[in-house]
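Visitor: Sequence and predicted structure below; questions after.
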Amino acid sequence: MTEKDEIYRCNICGNMVQVLHTGPGKLVCCENQMELLEEKTDGVGPEKHLPIIEKTDDGVKVKVGSIPHPMEENHCIEWIELIADNKIYTKFLKPGDKPEAEFNLKMEDITQIMAREYCSIHGLWKSA
Ligand SMILES: [Fe+2]
């Protein structure tokens with residue numbers, strides 16, 4: 001993660017923002033400082049939260065968990081993000097969807113790749 005990919009959440013109203021350009025100011029929502037989300041690689045149920053990047057015939061697939069994460073109303077993966085060199089791809093998910101995302105890009109052209117996902121209960125995770 002570079003500073004410009006940082007994700008902040010308001011723990012009062014739930015607003016979440018991703019930084020596209022950094023400035024010196026502090027991000028504030030609901031009159032409180034927003035929380036910088038830590039990208040976890042360990043913690044509660046890594047087997048259901050760590051994004052796994054796989055090459056496919058059409059591009060790249062990101063699966064959330066070696067055991068698929070639940071996609072229930074109150075506990076689901078809200079989005080999956082793939083950061084490939086200087087491009088960011090995001091797929092937003094809803095309850096009932098599969099906890100995975102496929103992106104149309106050529107893995108061969110990429111030098112640096114990583115994936116992140118956000119679980120509504122267990123927060124932000126990144127591929128190991
Ligand atoms: Fe979770």
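Guide: On my side now, so go ahead.

Visitor: Write out the residues of this structure neighbouring the ion.
Guide: Residues of the chain lying close to the ion by Cβ under 5 Å from the ion are 119, 121-122. All C-beta spots, glycine's among them, are computed from the backbone N, C-alpha and C.

Visitor: are any of these buried, and which?
Guide: 119, 122 (16 or more other Cβ atoms under 10 Å).

Visitor: In strands, which of the residues of the chain next to the ion fall?
Guide: Using DSSP state E, the subset of the residues of the chain next to the ion located in strands is C119.

Visitor: What is the distance between the host helix or strand of W125 and the centre of its chain?
Guide: W125 is part of strand 123-126 when elements are defined by DSSP states H and E. Chain-centre distance of strand 123-126: 6 Å, with Cα atoms, centre = their mean, to the nearest Å.

Visitor: Can you list the helices and strands that that strand packs against?
Guide: Contact here means 3 or more Cβ pairs under 8 Å, 6 or more residues apart in numbering; DSSP states H and E; on that basis strand 123-126 packs against strand 113-119.
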